[in-house]
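Visitor: What would the 3D arrangement of this be:
(one chain, ligands or ions: 1)
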Amino acid sequence: MAPRPPLTGVDLALGLINTVDQLDTPPDFLVDHARLQRFFVWAGYPAAAERCRPDDLPWVVALRDRLAAAIDADEARAATILNEVVGASRAAPALERATHGWTIWYGPPHDEGAAFLAAATAVPLMQLLATGDWGRLGRCAASPCCCVYIDRSRNRSRRYCCQLCANRVSQAAARRRRRSEAAPDAG
Ligand SMILES: [Zn+2]
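Guide: Next up, the predicted model:
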């Protein structure tokens, strides 16, 4: 099986933020070093999984919580948080060969360990702000889930983080309909 391409850009940021998932037990996936390594492998960065150290865990969790706070904030506050995150990182733009042409990678390199995660997640969120697309970020409306999604639809109609959540809501609505149809008419 060919390894899938690594998550990049906003998808990597959302992958990190959504390591808190209210439908999981426990809701926070990042509870120990082994889980942190599994996150890096899942995201497509096996070298980072190998190189990351146990004391990276609190740093990654703090980064995740900062990004989540930015998403829940207004634009001015979000900009401040993202500037702080990138300012504290060793971010330096560098061109890298991609499948088609070139891409700009904001360092440090991901094969050095966990540190790449700050700029790799915060810069794409900065770009969303800069292009006026910040409003495309939302939190799933299928309570108790509150995972973050990006709405790439033309008419910005997305409300759920995934198809499972959309199905959960439509099944609950169908159950409510059936119950109200079965109840004796109160009118
Ligand atoms: Zn959801």
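
Visitor: Show me which parts of the helix ranked longest in the chain are buried, residue by residue.
Guide: Using DSSP state H, we find that the single longest helix of the chain is helix 163-182. By 16 or more other Cβ atoms under 10 Å, the buried positions in helix 163-182 come out as 165-166, 168-169. Every C-beta, even on glycine, is put in place using the N, C-alpha and C of the backbone.

Visitor: Can you lay out these as TSV showing distance to the ion and pLDDT?
Guide: Shown next, in TSV, are these (distance: Cβ to the ion, whole Å; pLDDT from 0 to 100):
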residue	distance to the ion	pLDDT
165	3	96
166	8	95
168	8	93
169	9	93
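
Visitor: Now do the longest helix of the chain: everything it contacts.
Guide: Identification of contacts with helix 163-182 by Cβ atoms under 8 Å, 6 or more residues apart in numbering yields 140-142, 145, 147, 159-160.

Visitor: Only whichever of these are buried, select them in ChimeraX.
Guide: Here is the ChimeraX command that selects the buried residues among those (16+ other Cβ under 10 Å):
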select :140,142,145,147,160
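
Visitor: just the contacts of helix 163-182 now: which is nearest residue 69?
Guide: residue 147 (15.6 Å; Cβ to Cβ).

Visitor: Skipping its backbone neighbours, what lies nearest that closest one in space?
Guide: residue 161 (3.8 Å; Cβ to Cβ, 6 or more residues apart in numbering).

Visitor: where does the one you found land on pLDDT?
Guide: pLDDT for residue 161: 96.

Visitor: ok, now residue 72?
Guide: 96.

Visitor: how close does it get to residue 181?
Guide: 39 Å (Cβ to Cβ, to the nearest Å).

Visitor: what does the helix or strand hosting residue 57 rub up against?
Guide: Following DSSP states H and E, one finds residue 57 within helix 56-72. Residues outside helix 56-72 that contact it (Cβ under 8 Å, 6+ apart) are 13, 16-17, 19-20, 28, 30, 32-33, 36, 39, 52, 77-78, 81-82, 84-85, 113-114, 117-118, 121-122, 125, 137, 139, 148.

Visitor: Tell me who's in contact with residue 22.
Guide: 144-147.

Visitor: What residues does the chain have near the ion?
Guide: With Cβ under 5 Å from the ion as the criterion, the chain meets the ion at residues 140, 142, 145, 147, 161, 165.

Visitor: still on that earlier bit, pull the distance from the helix holding residue 57 to the chain's centre.
Guide: The chain centroid and the centroid of helix 56-72 are separated by 10 Å under Cα atoms, centre = their mean, to the nearest Å.

Visitor: got the CA coordinates for that helix in PDB?
Guide: What follows is helix 56-72, C-alpha atoms only, in PDB (Å, rounded to 0.1, in the frame of the first residue of the first chain):
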ATOM      1  CA  ASP A  56       7.000  17.700  22.900                       C
ATOM      2  CA  LEU A  57       3.600  16.500  24.000                       C
ATOM      3  CA  PRO A  58       2.700  19.500  26.200                       C
ATOM      4  CA  TRP A  59       4.100  21.800  23.500                       C
ATOM      5  CA  VAL A  60       1.900  20.300  20.800                       C
ATOM      6  CA  VAL A  61      -1.200  20.300  23.100                       C
ATOM      7  CA  ALA A  62      -0.500  24.000  23.900                       C
ATOM      8  CA  LEU A  63      -0.100  24.800  20.200                       C
ATOM      9  CA  ARG A  64      -3.400  23.000  19.400                       C
ATOM     10  CA  ASP A  65      -5.200  24.900  22.100                       C
ATOM     11  CA  ARG A  66      -3.800  28.200  20.800                       C
ATOM     12  CA  LEU A  67      -5.000  27.400  17.300                       C
ATOM     13  CA  ALA A  68      -8.500  26.400  18.600                       C
ATOM     14  CA  ALA A  69      -8.600  29.700  20.500                       C
ATOM     15  CA  ALA A  70      -7.800  31.600  17.300                       C
ATOM     16  CA  ILE A  71     -10.600  29.800  15.500                       C
ATOM     17  CA  ASP A  72     -13.100  30.700  18.200                       C
END
